[in-house]
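*Asks:* Provide a 3D model corresponding to the input given below.
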Amino acid sequence: MSATLCRTAFTCDKNMVLGVTRNGGRGALECIEQLYVIKIEDLAKVRGTLKISELVGDEQMNGLVAISLYDSKPVYLMTTASEEIVWVKKKQKLFDKNLMQLVLAPFFRINVIDDYNHIMGNVDIADQLRGSYRFDHWMRKREWW
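*Replies:* Alright, predicted model coming up:
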């Protein structure tokens, strides 16, 4: 996904776009790129770093937002579908070794990532299953007469 794709989708039919992009070439914008951290000690310092940039001054398309969030590595998103970017408090069941049971643990997530996870539906699951059940990865090694 790139800014060009977002602009084309918006100018054709006023489609709103939300998706993950790569950090090079036509992907993420240079102003939000984050350096990849190798050392585990440095990961605690940069985890949760958020960079946001909005495209302004374009007459054909208004409101393209590029987001960079550092989790275990940088994650880049582009969207035209969000009006605001806020941290949302969520809860997840995790196993506690001391209590020996599942407990609800709070964590924070950006609303854009939450929207992406819920709007995508089963596309990611379909891609995963397609890769798992491919038959040609073992067929290419055999001769067929």
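
*Asks:* any idea which residue is closest to the centre of the protein?
*Replies:* Central residue of the chain (CA atoms, centre = their mean): residue 20, 4.3 Å from the mean position.

*Asks:* surely it and residue 116 touch.
*Replies:* Yes: between residue 20 and residue 116 there is a contact at 7.3 Å, judged by CB atoms under 8 Å. (Each C-beta comes from the backbone N, C-alpha and C, glycine too.)

*Asks:* which neighbours do those two have in common?
*Replies:* Residues touching both residue 20 and residue 116 by CB atoms under 8 Å, 6 or more residues apart in numbering: residue 77.

*Asks:* ok, back up a step: could you check how far the residue nearest to the centre of the chain is from residue 70?
*Replies:* As judged by CB to CB, to the nearest Å, residue 20 and residue 70 stand 14 Å apart.

*Asks:* likewise residue 87?
*Replies:* Computed as CB to CB, the residue 87 to residue 70 distance reads 14 Å.

*Asks:* ditto for residue 26
*Replies:* Distance, residue 26 to residue 70, using CB to CB: 22 Å.

*Asks:* run a quick neighbour tally on residue 31.
*Replies:* 10 (other CB atoms under 10 Å).

*Asks:* excluding covalently adjacent residues, which one is nearest to it?
*Replies:* Ranked by CB to CB, 6 or more residues apart in numbering and with sequence neighbours excluded, the top spatial neighbour of residue 31 is residue 53, at 5.0 Å.

*Asks:* tell me the bridge partners for that neighbour.
*Replies:* Beta bridges link residue 53 to residue 66 when assigned by DSSP bridges.
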